[in-house]
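Engineer: fold the following for me, if possible:
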Amino acid sequence: MKKHLIALLAALLFCLFLAACASDDDEDTNDTEADTTSDTTSDTTADTADSGNTDTTDSGIDTDTGDPDTEPTSDTETDTDEGPTCLCGPDDQDDDGDGISNGVEGCDDFDGDSIPNCLDSDSDGDGYSDKEECPEQPCRDTDSDGKPDFLDKDSDGDNLSDKKEKEVGTDPLNKDTDGDGDDDLAEVAFESDPLDPNDHVPEGLFFVVLPYDSDNSLDDVTRVLTFSTKIEAIDVAIFFDDSGSMRDEQEKLRDEVKTSVIDAIAAEFADNPNYASFGVVKFGWDTPYTVRQTMTTDPDLVKTALDGFGNQSNELALYAMYIAATGVEFVGSYMACFVDITHPFQNPVCKDPNMGVKSAKYNVAKADCSGEDKIGSVGGLCMRKKSMPIFIVITDEDSDLCIEYNGTITKSTTCMANEGSPVVSVSQLGGALGGIGAKFIGIDSSFSCDDNGNNCKKSEEPTKGFFPTVAKLTGSLNKDTGEPFIYHTEKSDGTGIGGDVVQAIRDLTAWIDMDVTTGGVSEVECNGVNAAEFVKSSKALSADPETIQHNDTTFFSVTQDAEVTFDVHFHNDFCINATNSPVKYEADVAVLGGKEVDGVFNGSYLSGRHVTVVVPEGSIK
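Structural biologist: Model prediction:
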């Protein structure tokens, strides 16, 4: 009996042992299932094996061994990061029946239509089937760009998409379908018939084709161009001092300008009536800036604009030139600074009003050059882009140069900006004038006479003041003498200036010592960027006469009637054509003549070559 009882207890213990083992195995199985829950069916075996290895090694207690093979969670993350499985069959099959194997077409979606190439009968979406574009193996690559035609939206590389060629009926495998010497793209862009060999792009047309190049992977388009350095047009801006000190000579000065300047210049260039245009600005203090006439080629309008001047206080010539050059909105007020006669050796006092003189107030709107009477779009006088602006300032005193509000007052201080008003510095004026390539002529009418108005002598206040500074800033120096174009009336009544001004303009346009380089000029934009930016750079190649020296970009000391040759580079890194047709932009490669001042080239337009830039549709490739 006792033996039976012992045997029964042993059996019971054995069963309990087996139950405990079964419990451990269940836990291990659950671990494995957890490891493989987020994995794909194909990876379950591997992960389970990893789990088994981990459980065997660590007896199901510790699964973090530090071994990558024992990290089921890491396996799952890697597996779930894999891309979508290709829906096509083996590489040697042809699931879409186009004659091109799955392995050649691949699982990419070239045309973005959500159908992989290996299932897409027109992989590039150009309207031609893959079977048409790859009739035999290896697949055709017409333009040898490394892309087979069935994956190339422009098979012949003429920058006219295959889809567009299908639309207009041209051959997508031939850049010049009708064989007339004009590419299909050019004929479509300029609306000649690309299927008619007798219909051509207009003769003499200069154009370049510039696809959008976001990553600068395309080479520049280059053209060798020869230019004349003869100035094509001038815009003469006359700035007339309207201050009280000009009272005695003002009427005769105006008459002299009308007959001996305006009429004389018009007669000088009578064979080209659009060569010279004129504009008039009145400057003073009470009304510091008034445009009496924007640029016009009608001499009578200009002469009328010179009538009706007043009798103001101080003069702010520099501010008038700055606003005229930039055309910006300008708002500000400036108090006069005078020496207190009871303390003549002290610095001036700046206040408003000051000895009966109130602050000069500007409230100038941004220039509007949109009217039919406007001949240009540059600055406050609506000057022409393809011209040399010439600023003629007629005054008998130095220009006021205001200091900042609460700035340091010195013996020479004549005005101070009121709080919040901008101050225009000489360097700012130089930048504004240089930005439009303006040149400068100064006419000094200052005389010092006795109390009876007799025994008058030239006092040369502006001649020794701001005139030479502006002349230097604009590079307006005579080629032979190096002197600025500054002249003085012969008499205190304002007469005796006409011949000098006309001669100065002759000198400026014929004998000025110019360095010549290139730039871009345009009236249109693409994506907010001026089309002039298509002209990227130029390399100076040669000149006639050959004695003219040059570096890589500039010819030095060039006179008119010389010829200069540049290798001009064009590139498109900003203009995206989102239409389904080529788009044209008009610009000019401009030859600029001037001088470098303080590291900046201040050049005015001499001549140019018009260019039409053709931007193909979208991103064809």
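
Engineer: hang on, Ser243 packs against Gln312?
Structural biologist: Yes. Under the contact definition of Cβ atoms under 8 Å, Ser243 touches Gln312, with a separation of 5.0 Å. For glycine as for every other residue, the C-beta is placed from the backbone atoms N, C-alpha and C.

Engineer: find residues that contact each of the two.
Structural biologist: Listed contacts common to Ser243 and Gln312 are 284-285; contacts here mean Cβ atoms under 8 Å, 6 or more residues apart in numbering.

Engineer: how much space between Thr429 and Phe391?
Structural biologist: Just so we're on the same page, residue 429 is Leu rather than Thr. Distance of Leu429 to Phe391, given as Cβ to Cβ, to the nearest Å: 10 Å.

Engineer: neighbour count winner among these two?
Structural biologist: Summary of the neighbour comparison: Leu429 and Phe391, criterion other Cβ atoms under 10 Å, with Phe391 having more neighbours (27 against 24).

Engineer: residue ranges for the helices of the stretch 401-550 of the chain, please.
Structural biologist: When secondary structure is read from DSSP state H, counting those that start in this stretch, the stretch 401-550 of the chain shows helices at 426-436, 466-473, 498-510.

Engineer: skip the chain neighbours and tell me the closest residue to Leu381.
Structural biologist: Closest residue to Leu381 in three dimensions, ignoring its sequence neighbours and counting by Cβ to Cβ, 6 or more residues apart in numbering: Gly279, at 4.0 Å.

Engineer: same deal with Gln312?
Structural biologist: Among residues not flanking Gln312 along the chain, Gly284 sits closest, at 3.2 Å (Cβ to Cβ, 6+ apart).

Engineer: just the buried residues of stretch 476-496, please?
Structural biologist: Of the residues in stretch 476-496, 476-478, 484-489, 492-496 count as buried by neighbour count, 16 or more other Cβ atoms under 10 Å.

Engineer: and for stretch 526-544?
Structural biologist: Taking 16+ other Cβ under 10 Å as the neighbour-count basis, stretch 526-544 is seen to contain the buried residues 526, 530-535, 538-540, 543.

Engineer: would you turn the residues you listed into JSON lines with distance to Asn577?
Structural biologist: As requested, the buried residues of stretch 526-544 are exported to JSON lines (distance: Cβ to Cβ, whole Å):
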{"residue": "Cys526", "distance to Asn577": "8"}
{"residue": "Asn530", "distance to Asn577": "17"}
{"residue": "Ala531", "distance to Asn577": "13"}
{"residue": "Ala532", "distance to Asn577": "18"}
{"residue": "Glu533", "distance to Asn577": "15"}
{"residue": "Phe534", "distance to Asn577": "13"}
{"residue": "Val535", "distance to Asn577": "18"}
{"residue": "Ser538", "distance to Asn577": "25"}
{"residue": "Lys539", "distance to Asn577": "28"}
{"residue": "Ala540", "distance to Asn577": "32"}
{"residue": "Ala543", "distance to Asn577": "37"}
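
Engineer: so which of those belong to strands?
Structural biologist: 526, 530, 535, 538-540, 543 (DSSP state E).

Engineer: nearest to Val423 among these?
Structural biologist: Checking those against Val423 with Cβ to Cβ, the nearest one is Asn530 at 29.3 Å.

Engineer: still on that earlier bit, identify the farthest-apart pair in the buried residues of stretch 476-496.
Structural biologist: The distance between the two most remote of the buried residues of stretch 476-496 (Cβ to Cβ) is 30.1 Å, for Leu477 and Asp493.

Engineer: just for the stretch 201-350 of the chain, where's the confidence low?
Structural biologist: Within the stretch 201-350 of the chain, the stretches falling below the threshold (pLDDT under 70) are 244, 310-311.

Engineer: try the chain
Structural biologist: Across the chain (using pLDDT under 70), the flagged ranges come out as 1-84, 244, 310-311, 498-499, 511-513, 597-598, 619-621.

Engineer: per-domain residue ranges of it.
Structural biologist: For the chain, the structural domains run 30-82, 154-204, 224-230+514-615, 234-331+367-398+420-510, going by automatic domain parsing.

Engineer: in a strand, that's where Leu301 is, yeah?
Structural biologist: No. Counting by DSSP: H, G, I helix; E, B strand; the rest coil, one finds Leu301 to be helix, located in no strand.

Engineer: now do the contacts for the residue nearest to it when sequence neighbours are not counted.
Structural biologist: With Cβ to Cβ, 6+ apart as the measure, Gln293 is the residue that lies nearest to Leu301, at 6.0 Å, once sequence neighbours are left out. For Gln293, the residues meeting the contact criterion (Cβ under 8 Å, 6+ apart) are 278-280, 301-302, 304-305.

Engineer: how about Gln293, secondary structure?
Structural biologist: Classification of Gln293 using three-state DSSP returns strand.

Engineer: how much space between it and Leu477?
Structural biologist: 29 Å.

Engineer: farthest-separated two in the contacts of Gln293?
Structural biologist: Going by Cβ to Cβ, the pair spanning the contacts of Gln293 furthest: Gly279 and Thr304, at 12.8 Å.

Engineer: more neighbours, the two?
Structural biologist: For Gly279 and Thr304, the more surrounded residue by other Cβ under 10 Å is Gly279, and the numbers stand at 28 against 14.

Engineer: with that, I have no additional questions.
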